[in-house]
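K.L.:
my questions concern the predicted model and sequence given below.
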Amino acid sequence: MEEKMTFEEAMKNLEDIVEKLEEGDVPLEEAIAIYRKGMELSKLCHDKLKDVEEQLTQIITEDGKKQEFSIQEEE
């Protein structure tokens with residue numbers, strides 16, 4: 001899998017795969033290969049989002065100390 005692919009590129013490829021599979025005129029063997037590639041792209045997107053989430057959970061304060069970042073839900 002292309003690890004250097006950006007999140008946006010992976011999402012575009014994933015959207016193209018979904019479109020192609022939704023058309024329904026893909027031979028079964030090709031559909032399975034396309035589906036497998038889609039699953040790999042989905043995992044790549046998930047991993048990239050998880051990395052960004054981990055980066056955002058800590059903020060460096062002005063004095064250089066790491067501080068947990070949390071989003072508080074409004075009640």
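P.N.:
Here it is on my side, so go on. Residues are numbered from 1 along each chain as shown.
K.L.:
so where is the chain shaky, pLDDT-wise?
P.N.:
1-3, 58-75 (pLDDT under 70).
K.L.:
gap between the residue nearest the centre of the chain and residue 17?
P.N.:
The chain has residue 45 as the residue nearest its centroid, 1.4 Å off, counting by C-alpha atoms, centre = their mean. Distance, residue 45 to residue 17, by C-beta to C-beta, to the nearest Å: 12 Å. (Each C-beta comes from the backbone N, C-alpha and C, glycine too.)
K.L.:
re earlier: thinking the residue nearest to the centre of the chain is in contact with residue 14, fair?
P.N.:
Yes. Shown here, residue 45 and residue 14 form a contact pair, counting by C-beta atoms under 8 Å, at 6.7 Å.
K.L.:
show me the helices in the protein, by range?
P.N.:
For the chain, the helices defined by DSSP state H cover 7-23, 28-56.
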